[in-house]
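Asker: Quick one, fold the following:
(one chain, ligands or ions: 1)
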Amino acid sequence: MEELLDKLLEECRGYTGQGRVATYIPELAKANPRDLGISVLNSDGRHYQSGDWHKRFTIQSVVKPILLLQALMDNGEEYVHARVGVEATGKPFDAINVTDQMLRSDHLNPMVNMGAIAMCTLIRGSSYEERFQRVLELTRRLAGDPDIYVDEAVYCSEKRTGSKNRALAYLLQSCGMITDDVEEVLDCYFKACSISVNCRDLASIAFVLASRGRLPQTEERVFPSQYARYVNAVLMTCGMYDGSGDFAVNVGVPAKSGVGGGIMAVVPTRMGIGIYAPALDAKGNSLAGIQVLKGLSEKLYLSIF
Ligand code: GLN
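Answerer: Next comes the predicted model:
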C-alpha cells in the first residue's frame, strides 16, 4: 500500500502547480502550494502514509461533519433535520442560499457555511466557548489524538476578515434562525475551522465514519450507526460543494474538503483517508488532492457505485 501511495503522489505532484492556495483568509496564504501528503487508515488497523502527511494545517470546512455529528448526538436526527436541511445546494461554500423568498431550513445544508454556522447554535453548552470545547473534544476523540489544538493565528485572521460569514450569520438572524449573539456563534464557527490537524488525524476521523461510529483500536462506539449514515449521505451529495457531482463520478465516496487544503474521504467499511494539498481549484477544493483520490479509487475500486 505504501508503494502505491508513493507512486500516486509522484504522478499527481504536477497538479499542485495548477491550483492556488486560499488568500481570502490572509494567514492561509502562507501555505506552501507544493505540499502534498496522504494518510490511509485501513480496515487491517494500520496507517499507511506518504509525502507531507505529517504537516499541520487548519481543518476548515472538514470540521462541518463534526459540527453535524455533535448536533446529532446532542439533539437527535429529527430535531437537527427540522432546522438545517440536507438538500444538495450545488452552490459554492459561501453561497447566500436564498433568493427572493424567505429563508427556510430546507435551503440550508450542514456542509455549506450558512448551514454550518446555524449548526453551531444546535450544539449544547452553557456558552459558545463551552460548545466549541465540546467540538474540540469530539475531534480529539475521533482522531485519537488528545493534543489537537487551535491554530490561533488562523483563528484571529479569519475573525478579523470574515465579513462574508458575518453577512451570512446576520441573514440567519434576520430570519429568526439565530437568536443568540451573532458574534459568539461566529466565534465558535471560526475557532472550529481553525483546529489544527494533519492527514493522519483526518484519516482516523474518516475511519470512524467508515466503521459507522466505532473507534479503530478499541471498537468503542462514539455515536449510533444511523448518524454515520446521515453524515456520509450528506457528504456524498454536498461535501465537495458544487464539485460534488464530478467527485461522485470520478471518486465515488463520501468526502469533505476544506480551504486549508485538506480532504477527508470515507470508504464505508474499508478505510479512512486524509489528504493535504493546499493549492485549490476554482471551487475551493484541493486540486491535486482530488487527483490522488481519483487514482486511488481506480486502483483499489473504492467507488461505492
Ligand atoms: N473557514 C472557512 C470559511 O468559513 C471554511 C470554508 C471552507 O473550508 N470551504 O470561509
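Asker: Walking through the stretch 101-250 of the chain, point out its helices one by one.
Answerer: For the stretch 101-250 of the chain, the helices defined by DSSP state H, counting those that start in this stretch occupy 113-120, 128-143, 152-161, 163-174, 182-193, 199-210, 225-238, 244-250.
Asker: For Val86, find the nearest of those helices.
Answerer: The closest of those to Val86 is helix 225-238. By Cβ to Cβ, the value is 5.2 Å. Yep, even glycine has a C-beta here, placed from its N, CA and C like the rest.
Asker: Which elements pack onto the closest one?
Answerer: helix 64-75, helix 77-83, helix 199-210, helix 244-250 (3 or more Cβ pairs under 8 Å, 6 or more residues apart in numbering; DSSP states H and E).
Asker: Quick check: what element follows the last one along the chain?
Answerer: It refers to helix 244-250. Heading C-terminal from helix 244-250, the first helix or strand you meet, by DSSP states H and E, is strand 255-257.
Asker: Would you mind checking the average pLDDT for that next one?
Answerer: Strand 255-257 carries an average pLDDT of 98.
Asker: how far does that strand sit from the chain's center?
Answerer: Taking Cα atoms, centre = their mean, to the nearest Å, the mean C-alpha location of strand 255-257 is offset from the chain mean by 5 Å.
Asker: helix or strand right after it?
Answerer: Once strand 255-257 ends, the next helix or strand along the chain (criterion: DSSP H and E) is strand 262-267.
Asker: Could you report the neighbour count for the closest residue to Ile290 other than its chain neighbours?
Answerer: Among residues not flanking Ile290 along the chain, Phe247 sits closest, at 6.7 Å (Cβ to Cβ, 6 or more residues apart in numbering). Using other Cβ atoms under 10 Å, Phe247 has 25 other residues around it.
Asker: How about the contacts made by Phe247?
Answerer: Contacts for Phe247 (Cβ atoms under 8 Å, 6 or more residues apart in numbering) come out as Gly239, Met240, Ala255, Asn285, Ile290.
Asker: before we move on, what about Asn232?
Answerer: Going by Cβ under 8 Å, 6+ apart, Asn232 touches Leu209, Pro254, Val266, Pro268.
Asker: Just send the residues you listed back as CSV, with neighbour count and distance to the ligand too.
Answerer: As requested, the contacts of Asn232 are exported to CSV (neighbours: other Cβ atoms under 10 Å; distance: Cβ to the nearest ligand atom, whole Å):
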residue, neighbour count, distance to the ligand
Leu209, 28, 18
Pro254, 28, 16
Val266, 28, 17
Pro268, 17, 24
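Asker: With distance to Asn75 as extra columns, can I get these in JSON lines?
Answerer: Output for the contacts of Asn232, formatted as JSON lines (distance: Cβ to Cβ, whole Å):
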{"residue": "Leu209", "distance to Asn75": "19"}
{"residue": "Pro254", "distance to Asn75": "22"}
{"residue": "Val266", "distance to Asn75": "23"}
{"residue": "Pro268", "distance to Asn75": "24"}
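Asker: Skipping its backbone neighbours, what lies nearest the residue of the stretch 101-250 of the chain found nearest the ligand in space?
Answerer: Nearest residue of the stretch 101-250 of the chain to the ligand, counting by Cβ to the nearest ligand atom: Cys193, 3.6 Å away. Of all residues not flanking Cys193 in the chain, Gln60 sits nearest, at 5.0 Å (Cβ to Cβ, 6+ apart).
Asker: For this structure, which residues are neighbours of the ligand?
Answerer: Contact residues (Cβ under 6 Å from any ligand atom) of the chain with the ligand: Gln60, Ser61, Phe93, Asp94, Asn113, Glu158, Asn165, Cys193, Gly258, Val259, Gly284.
Asker: Comparing the helices and strands packed on helix 225-238, which comes out most buried?
Answerer: Most buried of these by mean neighbour count (mean count of other Cβ atoms under 10 Å) is helix 199-210; its value is a mean of 28.
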